[in-house]
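Enquirer: sharing a model that was predicted from the sequence below.
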Amino acid sequence: MVQVGTYWGRKVVWSEFDELFTENIPNRDWLVFMLSDSKPDFDKFDVFVRTAIDKNILEFKAGGEKGELLHDLFDETMVDKELAENKLYSVMTTSHNDESVADIFWQCFGATCLPEIADLDNISILCTDLDGINRTEELRGYIRRFEEGWLPD
């Protein structure tokens, strides 16, 4: 994982999707910003979702051409997990197929639905792209622009 920066007190990290299974991901107070223009490997995505839920993910934001598909797959896996375990999970999921990367990224700071149990002073945003595009510098650029007062359309 690579430290991207911090904005509004939220730490932003970048990870290649495959590294999410080998590196430590947070155990609490985190959300995911995931992009994809192609269909994911369904088995790997299922493992990611189950791991994310077990590690107390708060929110999942999906974007790109397959954002809605990722959102639906996350919800389906969460329901399957709930039924199998007879337990309810409260993970907010959203899709943003027709929005820019900048807009969705801004929403990780300015438009989240976090539960009361969240430590709002210690939220981490884990970002990844299923198509293998490293967006670290792009996201750093958006943070710089946000700090200057810019807001995406």
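Expert: Everything's here; your move.
Enquirer: pull the contacting residues for the residue minimising distance to the centre of the chain.
Expert: Geometric centre of the chain, nearest residue: residue 32, 1.4 Å, by CA atoms, centre = their mean. Counting by CB atoms under 8 Å, 6 or more residues apart in numbering, residue 32 makes contact with 52, 57, 59-61, 125-128. Where you see a C-beta, it was placed from the backbone N, CA and C, and this is true even at glycine.
Enquirer: check these and tell me the two furthest apart.
Expert: Using CB to CB, the contacts of residue 32 reach their maximum pairwise distance at 59 and 128, which is 14.4 Å.
Enquirer: tell me the one of the contacts of residue 32 nearest residue 140?
Expert: The closest of these, once distances to residue 140 are taken by CB to CB, is residue 127, at 10.9 Å.
Enquirer: so the closest one bridges to which residues?
Expert: On the basis of DSSP bridges, residue 127 is bridged to residue 14, residue 33.
Enquirer: tell me the confidence at it?
Expert: What the model reports as pLDDT for residue 127 is 97.
Enquirer: ok, it touching residue 16?
Expert: No - look at residue 127 against residue 16 with CB atoms under 8 Å: they stay out of range, at 10.6 Å.
Enquirer: could you list the low-pLDDT ranges of the chain?
Expert: For the chain, applying pLDDT under 70 flags the ranges 22-24.
Enquirer: which residues in it form helices?
Expert: All helices of the chain, identified by DSSP state H, fall at 42-54, 67-85, 101-110, 136-147.
Enquirer: quick one: closest of these to residue 117.
Expert: helix 42-54 (14.7 Å).
Enquirer: for that closest one, packing partners?
Expert: helix 67-85 (3 or more CB pairs under 8 Å, 6 or more residues apart in numbering; DSSP states H and E).
Enquirer: output the contacting helices and strands for the helix it packs on.
Expert: Secondary-structure packing of helix 67-85 (3+ CB pairs under 8 Å, 6+ apart): helix 42-54, strand 57-63, strand 92-96.
Enquirer: by how many degrees do the shortest one and strand 57-63 diverge?
Expert: If you take axes from the mean of the first three to the mean of the last three CA atoms, to 10 degrees, strand 92-96 sits at 10 degrees to strand 57-63.
Enquirer: so what strands line up beside strand 92-96?
Expert: Its sheet considered, strand 92-96 pairs with strand 57-63 (parallel) by DSSP bridges.
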